[in-house]
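>>> Structure of the sequence below:
(4 chains)
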2 protein chains.
Amino acid sequence: MSGPKGWQEVQDEVLARIRDRRWPPGSAIPNEADLARDFGVARATVNRALQALAEAGWLDRRRRAGTRVALHPVRRATLSIPIIRAEIEGAGHVPGYRLLRQEMAQPPAPVAAALGLTGPLLHLSAVHTADKRPFVIEDRWVNPAAAPGIREADFAAQSANEWLIVNAPFSHGDIALAAAPATVEEAALLACAPGAALFTVTRTTWAGAQPITWVRLAYGPGYAMKTAL
Amino acid sequence: MSGPKGWQEVQDEVLARIRDRRWPPGSAIPNEADLARDFGVARATVNRALQALAEAGWLDRRRRAGTRVALHPVRRATLSIPIIRAEIEGAGHVPGYRLLRQEMAQPPAPVAAALGLTGPLLHLSAVHTADKRPFVIEDRWVNPAAAPGIREADFAAQSANEWLIVNAPFSHGDIALAAAPATVEEAALLACAPGAALFTVTRTTWAGAQPITWVRLAYGPGYAMKTAL
DNA sequence: CAGGTTAATATGTCTATACATAATAGCCGC
DNA sequence: GCGGCTATTATGTATAGACATATTAACCTG
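As a prediction, this is how the structure comes out:
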């Protein structure tokens, strides 16, 4: 076969065969050694291509059992979690920021439960603006034990969002996307009607076993989070 | 150095150095050959580890310029795009489905523009239920030219969602997540108040250059799309 | 025939080596 | 100093060969 030469080309060829049903969902494909011979490349090259496809969800691979085409081509969209200021700048607007609250306080039960902490936490609220118009409300609870130096930080000048990204990197977390009606307070801050549909992002992040922060972002009406598949 | 033995261990070691600031954001890390010597492994092993970290966003790599720690560890959350029935079953509920509309019609301007088509399209509306309670409204426009056999499909029995996943795989698409107030019709279907905040997912998918379908999913109040980072 | 042991097999990974490629640094002529 | 050529360098990729490991199929044995 006058076939592919690099692993990307092998990947493309395999993908083409999956897409045009020469290798239908659920079917087994030839083993790496055979494919390598057919394509005229080394097995390592085929391996690289098939591993990439497996990672992307197109193939299921198991030792000894071989490789088969995934039953449900589970497509994944990747959302990047940007710095809010960078997101606003990227959309061509002038970012702004206003701190509303900065205090130690007892978190509400859902927040305490999400973080697995009981004591008081640093509570921060802020509004981010784009071209002077309200863009998103940031409501955040920070575990001070996980963020050394946070008591000295000046959150009037720099948002907690940015401070934490630079100073307290996290290892993992979870995120929930939802819709919620604007409270009276939120409506006033976002210049919209109470009860308006707001897009919300709620994140909890950890450094190893130590919880760092819980944050809820409430975007103004009209906002959409976009990405490619 | 009595170091790592496999590429995963190399990856873990590098990640540890990034996280504890031995290699701070923006700094250059040693080249592959040096790391290989230090770790006592082959360069290919280091390369495998660093490529994985670069793909995950921890490192920026450029030929000749070397490898440096990413300035903003741009974290990515991957949303899986599941079959709705599978999503409901996965949550432990009994899935149901009711077809509301199936007809050829002229799409509204935003839909026609998103697909880049002008003629009439197949319009489908349906409600998916979980334990007999309304879960999500599916409003879909399909390009019949991109879905051969769709005129014979029985969408009273199988949802268009599933039919398309099995019969018209897509190569790429885009997705927008947002919040919207429930229309009167939506409120009736979802058993909620008009104006309630609904979480919406709008997708456009393509097979190569050919548009396949535009779909908007409107989830009932209380729904949250969750994922890990 | 049940249950456990062994052999076969496909993927997973590491190695050493080689060459390709992108991007830069430095040199040179003017 | 400027423009362009060239050498250098780090990553990107391919290769053959080897061994590891998970899993299953085949085979024994009681």
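
>>> isn't residue A:203 right next to residue A:215, touching?
Yes - using CB atoms under 8 Å, residue A:203 is in contact with residue A:215, at 5.2 Å. No exception for glycine: its C-beta is placed from N, CA and C like everyone else's.

>>> list the contacts for residue A:139?
Contact analysis of residue A:139 by CB atoms under 8 Å, 6 or more residues apart in numbering or on different chains lists A:124-125, A:215-218.

>>> Is the helix or strand bottoming out on mean pLDDT in chain A in proximity to chain B?
Of all the helices and strands that make up chain A, strand A:75-81 has the lowest average by mean pLDDT, DSSP states H and E, namely a mean of 76. Yes - contact between strand A:75-81 and chain B, assessed by CB under 8 Å from any CB of the partner chain, occurs at A:75-81.

>>> Okay, domains of chain A per the record?
A:7-69, A:84-219 (automatic domain parsing).

>>> Pick the most deeply packed of the ones you listed.
domain A:84-219 (a mean of 17; mean count of other CB atoms under 10 Å in any protein chain shown).

>>> quick check, distance from it to the centre of its chain.
15 Å (CA atoms, centre = their mean, to the nearest Å).

>>> measure that domain end to end?
11 Å (CA to CA, to the nearest Å).

>>> where does chain A dip in pLDDT?
A:1-4, A:73-74 (pLDDT under 70).

>>> about what we covered before: and for the least confident helix or strand of chain A, what are the contacting residues?
A:56-57, A:175, A:203, A:225, A:227-229, B:74-81, B:170, B:175, B:229.

>>> Could you check how far the residue in chain A that DNA strand D sits nearest to is from residue A:124?
Using CB to the nearest atom of the strand, the single residue of chain A nearest to DNA strand D is residue A:6, 2.3 Å away. From residue A:6 over to residue A:124 the distance is 50 Å, taken as CB to CB, to the nearest Å.

>>> now swap in residue A:41 and tell me
55 Å.

>>> isn't residue A:54 right next to residue A:62, touching?
No - Residue A:54 is beyond contact range of residue A:62, at 10.0 Å (criterion: CB under 8 Å).

>>> ok, back up a step: could you give me the PyMOL selection string for whichever of the residues of strand A:75-81 next to chain B are buried?
Buried subset of the residues of strand A:75-81 next to chain B, written as a PyMOL selection, criterion 16 or more other CB atoms under 10 Å in any protein chain shown:
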select buried, chain A and resi 75+77+79+81
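
>>> Tabulate the residues of strand A:75-81 next to chain B (JSON lines), appending distance to DNA strand C.
Formatted as JSON lines, the residues of strand A:75-81 next to chain B follow (distance: CB to the nearest atom of the strand, whole Å):
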{"residue": "A:75", "distance to DNA strand C": "21"}
{"residue": "A:76", "distance to DNA strand C": "18"}
{"residue": "A:77", "distance to DNA strand C": "24"}
{"residue": "A:78", "distance to DNA strand C": "22"}
{"residue": "A:79", "distance to DNA strand C": "27"}
{"residue": "A:80", "distance to DNA strand C": "22"}
{"residue": "A:81", "distance to DNA strand C": "26"}
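
>>> export the residues of strand A:75-81 next to chain B to a markdown table and tack on distance to residue B:160?
What follows is the residues of strand A:75-81 next to chain B, written out as a markdown table (distance: CB to CB, whole Å):
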| residue | distance to residue B:160 |
| --- | --- |
| A:75 | 16 |
| A:76 | 21 |
| A:77 | 20 |
| A:78 | 26 |
| A:79 | 25 |
| A:80 | 30 |
| A:81 | 32 |
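
>>> For residue B:186, state which of the residues of strand A:75-81 next to chain B is nearest.
Nearest to residue B:186, judged by CB to CB, of the residues of strand A:75-81 next to chain B is residue A:77 at 23.9 Å.

>>> Residues in a beta bridge with that closest one, which ones?
residue B:79 (DSSP bridges).

>>> Near DNA strand C, which residues of chain A? Just list them.
Chain A comes close to DNA strand C at residues A:31-33, A:43-44, A:47, A:50-51, A:54, A:61-67, as judged by CB under 7 Å from any atom of the strand.

>>> Looking at those residues, which are in strands?
In this view, these that belong to strands under DSSP state E are A:61-62, A:66-67.

>>> Can you tell me which of the contacts of residue A:139 is nearest residue A:193?
For the contacts of residue A:139, the nearest to residue A:193 is residue A:218 (14.1 Å; CB to CB).

>>> quick one, what contacts that closest one?
Counted by CB under 8 Å, 6+ apart, residue A:218 has contacts A:136-137, A:139, A:180, A:182, A:186, A:190, A:198-200.

>>> How about residue A:46?
A:7, A:10, A:32, A:35-36, A:39.

>>> repeat that for 7 Å
By CB atoms under 7 Å, 6 or more residues apart in numbering or on different chains, the contact list for residue A:46 reads A:10, A:32, A:35-36, A:39.

>>> Switch those over to JSON lines; also include distance to residue B:146 and secondary structure.
As requested, the contacts of residue A:46 are exported to JSON lines (distance: CB to CB, whole Å; DSSP: H, G, I helix; E, B strand; the rest coil):
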{"residue": "A:10", "distance to residue B:146": "27", "secondary structure": "helix"}
{"residue": "A:32", "distance to residue B:146": "34", "secondary structure": "helix"}
{"residue": "A:35", "distance to residue B:146": "30", "secondary structure": "helix"}
{"residue": "A:36", "distance to residue B:146": "35", "secondary structure": "helix"}
{"residue": "A:39", "distance to residue B:146": "30", "secondary structure": "helix"}
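
>>> mind listing the helices for chain A?
A:7-19, A:32-39, A:43-55, A:84-90, A:109-115, A:160-167, A:184-190 (DSSP state H).

>>> what packs against the fifth one?
This points to helix A:109-115. If contacts are counted by 3 or more CB pairs under 7 Å, 6 or more residues apart in numbering or on different chains; DSSP states H and E, helix A:109-115 sits against strand A:210-219.
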